[in-house]
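A.B. asks: All I have is the shape, not the residue letters:
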């Protein structure tokens with residue numbers, strides 16, 4: 001089945017009691033049982049909810065996976081994955097990743113005796129040198145946040161499998177439309193559903209997709225036991241958002257290409273980070289493992305002047321200055337002081353995350369209007 005058909009139909013069946021074409025919002029905390037243990041598959045809403053079940057099935061289908069799990073946020077989904085580990089275990093992660101991921105790794109789980117190695121993953125072959133007997137998980141983003149680096153999922157998966165490690169891939173920036181990590185060898189795919197899957201800036205949620213039955217049972221146990229689950233109304237909103245995911249991503253990609261090319265030709269812009277450029281490191285890998293280059297772009301000015309970036313951000317009219325991304329509306333972000341403020345400056349500088357860097361989430365408006373907005377803001 002083609003992706004656009006799956007987006008419209010996956011996980012959603014007409015309600016058997018009414019024939020409603022959309023999955024109802026089952027706004028309930030518990031379920032009546034005929035006799036103790038004799039129920040209709042639902043006992044308590046932290047454990048199961050029909051609206052949530054439909055969404056989990058939908059996300060699994062979109063990711064070509066067998067199982068899906070949704071959580072109260074993206075970091076709650078990551079939290080569940082790291083809870084698979086024990087004190088003394090080690091994780092290899094990229095050195096360019098979302099600040100919230102870095103924060104939960106270093107400020108929460110390092111305190112429980114789990115060690116994290118943040119390494120350059122642009123050359124996948126170099127990752128193997130960091131594997132030791134304590135390594136249990138490789139965690140990566142691609143494209144990365146905010147430097148838009150491309151990591152070779154298939155190559156990293158080969159390393160993980162050769163050492164019997166789990167490979168988790170944050171697929172938020174690409175979405176299932178543009179990239180299928182399960183098909184490339186990943187064990188776990190994570191999404192901040194808040195972003196492209198929801199797509200309308202009205203939900204906070206996270207998701208995991210995977211194939212392994214035993215691993216699914218362990219993660220489902222963590223989901224139920226720790227209780228970081230989303231409510232049915234949010235699940236309904238994401239089910240609705242997914243139906244147009246393929247259409248939105250097509251426009252995000254189209255607009256992203258136009259904005260990236262405009263920025264690359266602007267005399268005041270120094271570097272533009274977007275994997276669609278042939279000059280972008282690992283551009284060829286992006287072409288092979290992605291179906292499009294997305295609407296996420298970062299750029300810097302010729303001088304690393306944070307105040308200059310602030311003035312540009314303050315002058316924007318269509319681009320909203322906001323922490324998030326992936327909505328239908330365009331957003332601009334200053335990672336050094338916003339989404340990546342939890343990462344020490346010396347660590348940010350190692351990957352080129354300058355104080356002047358601006359990250360754009362290009363929405364689905366008219367591209368000419370977005371370019372005009374950037375033009376007047378940059379001056």
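C.D. replies: Looks like it arrived, so ask away. Everything numeric in this text was worked out from a predicted model, so none of it was measured. Residues are numbered from 1 along each chain as shown.
A.B. asks: Please enumerate the strands of the protein.
C.D. replies: Ranges of strands in the chain, per DSSP state E, are 67-71, 90-94, 115-119, 135-141, 166-170, 188-192, 206-210, 269-273, 296-301, 320-321, 331-333, 358-361.
A.B. asks: Could you identify which of the ones you listed is most buried?
C.D. replies: Mean neighbour count (mean count of other Cβ atoms under 10 Å) peaks for strand 188-192 among the strands of the chain, with a mean of 29. C-beta coordinates here come from the backbone N, C-alpha and C atoms, glycine included.
A.B. asks: ok, back up a step: how about a markdown table for the strands of the chain, with mean pLDDT added?
C.D. replies: Below are the strands of the chain laid out as a markdown table (pLDDT from 0 to 100):
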| stretch | mean pLDDT |
| --- | --- |
| strand 67-71 | 98 |
| strand 90-94 | 98 |
| strand 115-119 | 98 |
| strand 135-141 | 98 |
| strand 166-170 | 98 |
| strand 188-192 | 98 |
| strand 206-210 | 99 |
| strand 269-273 | 97 |
| strand 296-301 | 97 |
| strand 320-321 | 98 |
| strand 331-333 | 97 |
| strand 358-361 | 98 |
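A.B. asks: Please convert these to a markdown table, extending it with distance to residue 217.
C.D. replies: Conversion of these to a markdown table gives the following (distance: least, Cβ to Cβ, whole Å):
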| stretch | distance to residue 217 |
| --- | --- |
| strand 67-71 | 9 |
| strand 90-94 | 22 |
| strand 115-119 | 26 |
| strand 135-141 | 18 |
| strand 166-170 | 15 |
| strand 188-192 | 14 |
| strand 206-210 | 11 |
| strand 269-273 | 39 |
| strand 296-301 | 34 |
| strand 320-321 | 41 |
| strand 331-333 | 37 |
| strand 358-361 | 36 |
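A.B. asks: What residues does the closest residue to residue 173 other than its chain neighbours make contact with?
C.D. replies: Closest residue to residue 173 apart from its sequence neighbours, by Cβ to Cβ, 6 or more residues apart in numbering: residue 143 at 4.6 Å. Residue 143 is in contact with 149-150, 173-174, 275, 286, 294, 296, counting by Cβ atoms under 8 Å, 6 or more residues apart in numbering.
A.B. asks: And the pLDDT for residue 143?
C.D. replies: pLDDT, residue 143: 98.
A.B. asks: what's the angle from the biggest helix by length in the chain to strand 296-301?
C.D. replies: For the chain, the longest helix by residue count, based on DSSP state H, is helix 245-264. Here the directions of helix 245-264 and strand 296-301 differ by 10 degrees (axes from the mean of the first three to the mean of the last three Cα atoms, to 10 degrees).
A.B. asks: residues making contact with helix 245-264?
C.D. replies: When contacts are defined by Cβ under 8 Å, 6+ apart, helix 245-264 is touched by residues 3-4, 7, 62, 175-178, 196-197, 199, 269, 272, 274, 276-277, 292-297, 299, 328, 360, 362-365, 367, 370-371, 374.
A.B. asks: Could you pull out the helices in the stretch 1-150 of the chain for me?
C.D. replies: Under the criterion DSSP state H, counting those that start in this stretch, the stretch 1-150 of the chain contains helices at 3-9, 50-62, 74-82, 99-103.
A.B. asks: out of the ones you listed, which comes closest to residue 28?
C.D. replies: For the helices of the stretch 1-150 of the chain, the distance to residue 28 is smallest for helix 50-62, at 9.2 Å, taking Cβ to Cβ.
A.B. asks: mean confidence for that closest one?
C.D. replies: Here the average pLDDT along helix 50-62 is 98.
A.B. asks: and the angle for it with helix 245-264?
C.D. replies: Calculated by the same axes, to 10 degrees, helix 50-62 forms an angle of 60 degrees with helix 245-264.
A.B. asks: Tell me what angle helix 50-62 forms with strand 206-210.
C.D. replies: Counting by the same axes, to 10 degrees, helix 50-62 lies at 50 degrees to strand 206-210.
A.B. asks: What is helix 50-62 packed up against?
C.D. replies: Applying 3 or more Cβ pairs under 8 Å, 6 or more residues apart in numbering; DSSP states H and E, one finds that helix 50-62 contacts helix 3-9, strand 67-71, strand 206-210, helix 232-242.
A.B. asks: Out of those, flag the one nearest residue 342.
C.D. replies: strand 206-210 (17.6 Å).
A.B. asks: in its sheet, what does the closest one sit against?
C.D. replies: Strand 206-210 pairs in its sheet with strand 67-71 (antiparallel), strand 188-192 (antiparallel), by DSSP bridges.
A.B. asks: For the last one, which outside residues touch it?
C.D. replies: Looking back up the chat, that one is strand 188-192. With contact meaning Cβ under 8 Å, 6+ apart, strand 188-192 is reached by 59, 63, 65, 73-74, 77-78, 81, 98, 166-172, 175, 181-182, 197, 205-210, 215, 326.
A.B. asks: Distance to residue 160 added to the helices and strands packed on helix 50-62, as TSV?
C.D. replies: Listed next are the helices and strands packed on helix 50-62 as TSV, based on distance: least, Cβ to Cβ, whole Å:
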stretch	distance to residue 160
helix 3-9	26
strand 67-71	19
strand 206-210	14
helix 232-242	29
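A.B. asks: Out of these, which gets nearest to residue 345?
C.D. replies: strand 206-210 (27.6 Å).
A.B. asks: So the residue nearest to residue 11 when sequence neighbours are not counted versus residue 214, what's the distance?
C.D. replies: Leaving aside its sequence neighbours, residue 11 sits nearest to residue 58 (Cβ to Cβ, 6+ apart; 3.0 Å). From residue 58 across to residue 214, the span is 23 Å (Cβ to Cβ, to the nearest Å).
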